[in-house]
Every structure is written in C-alpha cells, then in structure tokens.
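Asks: Coordinates for the following, if possible.
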Amino acid sequence: MKVLNFEDSVYKANAIRKVLNQCGVAKIELVSNVEDGLQMLKNAEDTGDPFDLIITDMHYPMKQGAVSDTEAGEKLVQLLQEQGRLERRARSRHRREAEEQRQFELRQEKRKGKHRGH
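Replies: Down below sits the predicted model:
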C-alpha cells in the first residue's frame, strides 16, 4: 500500500507513520501543503504508481511558505472530487461522531422495544 500524508507537523507525521508501519504499511510519503501534494499525486498517477490512500490534516498551507489555511483539508477533498480522483467522500470526525451517536440511539430504541414486548 502506498500512502500520501498531508501533514505540516513533523511530530504528528511521525506518529502517523509509526501507526501505519505497525499496520504493515511501509510506503508513506509526507507533504506539507496542497500545491506540492497535488503535484505528487499527479506524478504518481503519471508514472503508473498512484497512491492507494491519502491521509489529510485539516489545517495546513495551500502553498509552500504560506500561512496555514484552516480549510485546506476540505479544499483538497473538494478539488480531488471535482477532478474525479476520489472514490468516496472523506468523513470529518464530527460527522463520524454524529453518525456513531445516531447508531447508538437506534440501538437503544430497539432494546427498549424488545423490553416492552414488541
């Protein structure tokens, strides 16, 4: 598996690399801004060795040397979707937590129904 990690914090990037290595992933490349990352994605596709997985932080620069953009991760996902380069939409932590809460509530309602003799 070949992974591209969009992360501008070396500390976080190393932590992610460690976890991926423990999962058997050895091909991990790091990029710290959208512009360079898009070029890396294009180069990988052009050489016939595309990335299998993209991991993205949400706050990092759009270009090298630029100030961190709080919407960079969302902009990256949107760009890749517009280019037809994503198979499925990424889920934010908040969206995932809301979905998990909803599933929990549905299970609770189901259990209540069983206890009432339904």
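
Asks: give me the element Arg17 is part of.
Replies: helix 10-22 (DSSP states H and E).

Asks: could you pull out the strands for the chain?
Replies: Under the criterion DSSP state E, strands of the chain are mapped to 2-6, 27-31, 53-56, 60-61, 68-69.

Asks: Report the buried residues of the third one.
Replies: Within strand 53-56, the residues that count as buried by 16 or more other CB atoms under 10 Å are 54-56. The way it works is simple: take the backbone N, C-alpha and C, and place the C-beta from them, glycine included.

Asks: who does that strand pair up with?
Replies: Applying DSSP bridges, strand 53-56 is found paired with strand 2-6 (parallel).

Asks: Would you pull up how far the partner strand lies from the middle of the chain?
Replies: Centroid separation for strand 2-6 versus its chain: 9 Å, with CA atoms, centre = their mean, to the nearest Å.

Asks: can you give me the angle that strand makes with strand 27-31?
Replies: 20 degrees (axes from the mean of the first three to the mean of the last three CA atoms, to 10 degrees).

Asks: Pull out the buried residues from strand 2-6.
Replies: Of the residues in strand 2-6, those buried (16+ other CB under 10 Å) are 3-6.

Asks: Right, I'll leave it there.
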